[in-house]
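[1] show me the folded form of this:
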Amino acid sequence: MSSFRKALKSQQRNHHERSQPGFRKTLGLLEKKKDYKLRADDYHKKQNTLSALRKKALEKNPDEFYFKMVNIQLEDGVHTIKQEAGEPEMTEEQKKVMRTQDIKYVETKRVAEAKKIERLKGELHLLDADRKQKNKHTFFVDTKKEVATFNLAKHLNTAPELLDRVYNRPTLQTLETKVIQAAADLGTVKKLAEQRKRQYKVLSQRIDREKQLFVISQKIQTRKDLQDKTHKVKVKRETTNAAAIYKFQTKRKR
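    Got it, this is the predicted structure:
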């Protein structure tokens with residue numbers, strides 16, 4: 001029983017590393033195990049780095065060549081790319097032409113998106129996928145008595161059960177003369193509703209893309225105008241949804 005009592009963790013004594021004796025403080029800090037661990041890890045890390053560099057140097061191909069060997073020079077222990085004091089890569093006229101081409105490309109894409117948006121709107125007829133009518137249809141009558149006795153189903157000449165439909169609302173004559181879809185085809189109706197919902201999602205995405213292309217076109221045009229004009233004052237900062245607005249000094253043209 002005594003051996004079991006000695007094995008209990010709760011009954012054991014915590015043994016700490018001894019501190020530096022007072023008469024040895026002049027020799028410096030007494031290294032503990034955690035200090036040795038840090039020193040050992042740092043030593044092994046440096047040894048691994050040196051061995052890796054030594055292996056890389058031994059396996060290096062003497063015929064190997066990179067363009068950065070010529071274009072980079074060492075300054076104060078830091079590799080920097082040489083700045084060649086030659087002619088600029090592009091002139092101002094060339095930059096203007098490139099910006100003009102960029103504007104034309106973005107405008108072409110924006111016009112294509114606008115055409116696709118109009119085509120989708122024509123196919124969907126701006127009907128809500130959840131069958132919730134956003135707009136209101138107001139009927140006008142002459143007297144208050146007619147307001148109190150107004151029957152919407154009779155006025156629209158349809159069944160009361162079909163009043164909540166915002167599209168394809170048949171009249172009573174149509175219901176009498178044509179065959180009505182059976183309840184077994186409700187799965188097809190739900191499938192068409194899901195398809196219409198996906199089309200509305202695509203329409204929303206295309207509208208957002210068209211707005212982004214318009215903002216990009218404005219920003220490119222603003223940068224192109226800044227190349228020709230001086231004495232500008234920024235009126236409004238550039239944001240993700242709008243280009244910057246500048247005010248230029250007016251000049252009289254001869």
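[2] strands of the protein, start to end?
    72-75, 78-81, 232-236, 245-248 (DSSP state E).
[3] relative to residue 61, which of those strands is closest?
    Among the strands of the chain, the nearest to residue 61 by CB to CB is strand 72-75 (19.0 Å). Yep, even glycine has a C-beta here, placed from its N, CA and C like the rest.
[4] I'd like to know which elements that closest one is packed against.
    Counting by 3 or more CB pairs under 8 Å, 6 or more residues apart in numbering; DSSP states H and E, the packing neighbours recorded for strand 72-75 are strand 78-81.
[5] show me the helices in this structure, by range?
    Along the chain, counting by DSSP state H, helices occupy 2-7, 33-58, 68-71, 92-124, 144-148, 152-156, 172-177, 186-226.
[6] list the contacts of residue 116.
    The contact partners of residue 116, by CB atoms under 8 Å, 6 or more residues apart in numbering, come to residue 206.
[7] residue contacts, residue 78?
    Applying CB under 8 Å, 6+ apart, no residues contact residue 78.
[8] mind pulling up the pLDDT for it?
    Per-residue confidence (pLDDT) for residue 78: 84.
[9] run through the bridge partners of it.
    Per DSSP bridges, the residues bridged to residue 78 are residue 75.
[10] pick the most buried one from the strands of the chain.
    Among the strands of the chain, ranked by average contacts under mean count of other CB atoms under 10 Å, first place goes to strand 245-248 (a mean of 13).
[11] average pLDDT for that strand?
    What strand 245-248 shows for mean pLDDT is 79.
[12] same question for stretch 192-199.
    The pLDDT scores in stretch 192-199 average 82.
[13] show me which positions of it end up buried.
    The neighbour-count check on stretch 192-199 (16 or more other CB atoms under 10 Å) flags residue 196 as buried.
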